[in-house]
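Novice: Mind looking at a prediction? Sequence and model below.
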Amino acid sequence: MNVTDRYRFQDNGSEISFMPNYSFLRALVWWLLLGVLAFAGITYYYAGEWSGAYYKFALIVWGAYMAYFLSDLIFRVPVKYIFDKSEKCIYRKLFFSKKIMNFDEMVYFINDEMGGYYYAIGQKKNQFVKNYKISNYFSGSKASGRREAEYIEKILCPVLEAVGIPVNSEQP
């Protein structure tokens, strides 16, 4: 799967759109299927003691597990960022489109977190207070370096050119 498929990147001339978390969809579906199998296993194991404390505890843990993955599936994966060239605005779309900033307010930066880093955008004056993650996590490995170089070339550079930010040949 190439980077444009992993991010569902689309450039139709008047706008650029992509989904930063789309590549997690396949893994999330597998984890949800594992959760369904776990429910079947829990039910089979505790079939004789439906009112037992262990059964209730197992169901609570299973419910938290499923709620976490379902919330990711509903609220994290379908987030789309739209860079509208005609209006010079950036929109974040989950269920409805919401204008988050104008092109002249945008700044991009690398956010380090827990041994990995990702690219983010924010408004110039408060980018560290409110920012938006626009890439997957990268690490220092060779494979991650190749994925990052491909991301910069195919996703980040077209976005920065559309916004009007000069693109350096080196890391930002």
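Specialist: In hand now; what should we look at? Every value quoted in this text rests on a predicted model; they were computed, and no experiment measured them.

Novice: Output the contacting helices and strands for the top helix by length along the chain.
Specialist: When the chain is parsed with DSSP state H, its longest helix is helix 53-75. When contacts are defined as 3 or more C-beta pairs under 8 Å, 6 or more residues apart in numbering; DSSP states H and E, helix 53-75 sits against helix 25-45. The way it works is simple: take the backbone N, C-alpha and C, and place the C-beta from them, glycine included.

Novice: What angle do helix 53-75 and the helix it packs on make with each other?
Specialist: 160 degrees (axes from the mean of the first three to the mean of the last three C-alpha atoms, to 10 degrees).

Novice: Which residues are in contact with the residue nearest the centre of the chain?
Specialist: Residue closest to the mean C-alpha point of the chain, counted by C-alpha atoms, centre = their mean, is residue 21 at 2.7 Å. Going by C-beta atoms under 8 Å, 6 or more residues apart in numbering, residue 21 touches 76-77, 79, 136.

Novice: related to what we said a few turns ago, for the longest helix of the chain, the averaged confidence score.
Specialist: Computed over helix 53-75, the mean pLDDT rounds to 85.

Novice: send the alpha carbons of that helix over as PDB?
Specialist: C-alpha atoms of helix 53-75 as PDB (Å, rounded to 0.1, in the frame of the first residue of the first chain):
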ATOM      1  CA  ALA A  53     -18.200 -11.700  40.100                       C
ATOM      2  CA  TYR A  54     -15.500 -12.900  37.700                       C
ATOM      3  CA  TYR A  55     -18.000 -13.000  34.900                       C
ATOM      4  CA  LYS A  56     -19.100  -9.400  35.600                       C
ATOM      5  CA  PHE A  57     -15.500  -8.300  35.900                       C
ATOM      6  CA  ALA A  58     -14.600  -9.900  32.500                       C
ATOM      7  CA  LEU A  59     -17.600  -8.300  30.900                       C
ATOM      8  CA  ILE A  60     -16.600  -4.900  32.200                       C
ATOM      9  CA  VAL A  61     -13.100  -5.300  30.900                       C
ATOM     10  CA  TRP A  62     -14.400  -6.500  27.600                       C
ATOM     11  CA  GLY A  63     -16.900  -3.500  27.400                       C
ATOM     12  CA  ALA A  64     -14.100  -1.000  28.000                       C
ATOM     13  CA  TYR A  65     -12.000  -2.800  25.300                       C
ATOM     14  CA  MET A  66     -14.800  -2.600  22.800                       C
ATOM     15  CA  ALA A  67     -15.700   1.000  23.700                       C
ATOM     16  CA  TYR A  68     -12.100   2.100  23.100                       C
ATOM     17  CA  PHE A  69     -11.800   0.500  19.700                       C
ATOM     18  CA  LEU A  70     -15.300   1.500  18.600                       C
ATOM     19  CA  SER A  71     -14.600   5.100  19.600                       C
ATOM     20  CA  ASP A  72     -11.400   5.000  17.500                       C
ATOM     21  CA  LEU A  73     -13.400   3.600  14.600                       C
ATOM     22  CA  ILE A  74     -16.100   6.200  14.800                       C
ATOM     23  CA  PHE A  75     -14.200   9.400  16.000                       C
END
